[in-house]
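Peer 1: A structural model of the following input is requested.
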Amino acid sequence: MNFTVLVVDDEKNIREGLGEYLRLDGYDVSLASDGKEGLKEVESGAVDLVITDLRMPALSGGELLKQISSRYPSIPVIVLTGHGTVEDAVDAMRNGAYDFITKPVNLEHLSLLVKRALERKELARRNDELMREIENQKRVSSIVGKSPAIQRIFELVRKVAPTKASVLITGESGVGKELVADALHNLSPRADKPFIKLHCAALAESLLESELFGHEKGSFTGAQARKKGRFELAHEGTLFLDEIGEINQNVQIKILRVLQEKKFERVGGEDSLEVDVRVIAATNRDLKEEIQKGSFREDLYYRLNVVNIHVPPLRERKDDIPLLAQAFLQEFADDNAKAIEGFDPKARAAIYAYHWPGNVRELRNCIESAVVMAASKLISLDDLPPGVRKSADESVVRIPIGSSISDAERILIRDTLAAQGGNKSRTAEILGIGRKTLYQKIQDYGLEAEEPD
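Peer 2: Take a look at the predicted model:
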């Protein structure tokens, strides 16, 4: 992305000299001889940064600064001042200037100021884009992501949620299966009815049956009163059974009966209770393999697996990492009352490169730790856990088998750009293509918002 810098100064030699220098730095440059002319350029919408003198006819630099600060707060303004007007420059800083520099201008210092100001502006723009996308997705569900895989899941959820069909959600631990279940319930006609959850692996076999179906008083030692089970509590709503592959065959038979007949008895009870419950189950196991081993009933599997939603691991949907990382950053920065704006280039590259065996759960814990450790407005490489830091040295691009040529090219450009901290020149050199070709491909593949800072 080429930035446009506007130089406003009534001295022609200074104005044109600065313009020429900034062009050599790679910027597009506009020139204006006074504040009034400069304001028209800003109003055209094609200016990313303004460098302005303070003392000018028609409209002073101070007045121009006030107009830009109030109407276009995202445009940074660098003020030029003579040695005798430093106090005016300090006032300008109070009025919203990014920084000031005295005449005669130190060009290297000016170049550094411009670079930093535009990097900060671009970081804010990217963060705003990420937050808008996160908020848009929250309207659909609590799932965050924009990869093709997640988009397919969104589409499945929208189609299946209004129905009564049982759903089996599969995927590795930590990928966000429970969030898919949340979305299915929240977008269903049962959204205002109970949504009851049970983590099957967290309970001993002796307690699981009572948790599911309830028990009568005195049905076993310690049963001092009647207790309603999760099926009963979820009547007319949704029951989410997480890690369904962990339950024993005796309980499997009873769940199968509820799915078939819509009725059950409490432990120790004789009366049959009828229920209207939609069941959503999740597992990180291969249930077909468990069926072959004899540890999971085939008839229950087909009752649960009316619709299957598979959530791929994070390493197979790296497009989702920027959104997830930004969402977690906002959450934990708010929780810890820290003003953290984003990630520096090395930290962002490391987060991209890491393979995330613990998936979204591990990423969430990583960002929480980084927020706690961060001492500045940007999370640095040193703030990340050791395993993630180490990935910054990796030079491997992972392309899933079955990817199309265009998908492979997109992944290659994205990950190389990330590994180079967003430096397009180095990226183009490594890939053996021209910068213009790289810019075009970045635009074609929609990678602008994903680039590291």
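Peer 1: which intervals of the stretch 351-453 of the chain have sub-threshold pLDDT?
Peer 2: Along the stretch 351-453 of the chain, segments meeting pLDDT under 70 span 392-397, 421, 426, 429-430, 448-453.
Peer 1: name the next helix or strand downstream of the longest helix anywhere in the chain, please.
Peer 2: Secondary structure of the chain per DSSP state H: the longest helix is helix 107-138. Heading C-terminal from helix 107-138, the first helix or strand you meet, by DSSP states H and E, is helix 148-160.
Peer 1: buried ones in that next one?
Peer 2: Residues of helix 148-160 classed as buried by neighbour count (16 or more other CB atoms under 10 Å): 149-150, 153-154, 156-157, 160. Every residue, glycine included, has its C-beta placed from N, CA and C.
Peer 1: what does it contact?
Peer 2: By CB atoms under 8 Å, 6 or more residues apart in numbering, the residues outside helix 148-160 that reach it are 140-141, 143, 145, 167, 180, 183-184, 187, 307, 309, 311-312, 316-317, 319-320.
Peer 1: can you report phi and psi for P73?
Peer 2: phi -60, psi -20 (degrees, to the nearest 10).
Peer 1: that one: how many residues sit nearby?
Peer 2: By other CB atoms under 10 Å, the residues close to P73 number 9.
Peer 1: and it, what does it touch?
Peer 2: Neighbour list for P73: G96 [criterion: CB under 8 Å, 6+ apart].
Peer 1: so what pLDDT did it get?
Peer 2: Model confidence at P73, given as pLDDT, is 89.
Peer 1: from here on, call the first residue 28.
Peer 2: From this message on, residue numbering opens at 28, which makes the last subject P100.
Peer 1: and it, how far from L150?
Peer 2: The gap separating P100 from L150 is 15 Å, by CB to CB, to the nearest Å.
Peer 1: go on, P175?
Peer 2: Taken as CB to CB, the span from P175 to L150 is 27 Å.
Peer 1: columns pLDDT and distance to E325 on top of the buried residues of helix 175-187, output as JSON lines?
Peer 2: Formatted as JSON lines, the buried residues of helix 175-187 follow (pLDDT from 0 to 100; distance: CB to CB, whole Å):
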{"residue": "A176", "pLDDT": "89", "distance to E325": "28"}
{"residue": "I177", "pLDDT": "90", "distance to E325": "30"}
{"residue": "I180", "pLDDT": "92", "distance to E325": "26"}
{"residue": "F181", "pLDDT": "89", "distance to E325": "30"}
{"residue": "L183", "pLDDT": "92", "distance to E325": "24"}
{"residue": "V184", "pLDDT": "91", "distance to E325": "26"}
{"residue": "V187", "pLDDT": "94", "distance to E325": "22"}
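Peer 1: which of these sits closest to V74?
Peer 2: Nearest to V74, judged by CB to CB, of the buried residues of helix 175-187 is I177 at 36.3 Å.
Peer 1: put the alpha carbons of the strand or helix carrying L266 into CSV.
Peer 2: Here L266 sits within strand 265-269, counting by DSSP H and E. Coordinates of each C-alpha in strand 265-269 appear next as CSV, following Å, rounded to 0.1, in the frame of the first residue of the first chain:
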residue,chain,number,x,y,z
THR,A,265,-31.1,-28.4,23.8
LEU,A,266,-28.8,-30.8,25.6
PHE,A,267,-25.1,-30.7,24.7
LEU,A,268,-23.1,-33.8,25.5
ASP,A,269,-19.4,-33.0,25.2
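Peer 1: name the helix or strand for the residue nearest to the spatial centre of the chain, please.
Peer 2: The C-alpha lying nearest the average C-alpha coordinate of the chain belongs to L350 (CA atoms, centre = their mean; 1.5 Å). Using DSSP H and E, L350 falls within helix 348-362.
Peer 1: list the buried ones in that helix?
Peer 2: In helix 348-362, counting by 16+ other CB under 10 Å, buried: 348-357, 359-360.
Peer 1: do you have the helices of the stretch 178-327 of the chain handy? List them.
Peer 2: 204-213, 232-240, 257-260, 276-288, 314-320, 325-331 (DSSP state H, counting those that start in this stretch).
Peer 1: now L91, nearest residue through space, not along the chain?
Peer 2: G62 (3.8 Å; CB to CB, 6 or more residues apart in numbering).
Peer 1: wait, the one you found sits on L81?
Peer 2: No. Counting by CB atoms under 8 Å, G62 stays clear of L81, with 9.6 Å between them.
Peer 1: V77: neighbouring residues, count only.
Peer 2: 28.
Peer 1: then the one 10 residues further on?
Peer 2: S87 is surrounded by 18 other residues when neighbours are defined as other CB under 10 Å.
Peer 1: and the spatially closest residue to it that is not a sequence neighbour, what is it in contact with?
Peer 2: Counting by CB to CB, 6+ apart, S87 lies nearest to G62, which is 5.7 Å off, once chain neighbours are set aside. G62 sits next to 35, 79, 83, 85-88, 90-91 when contact means CB under 8 Å, 6+ apart.
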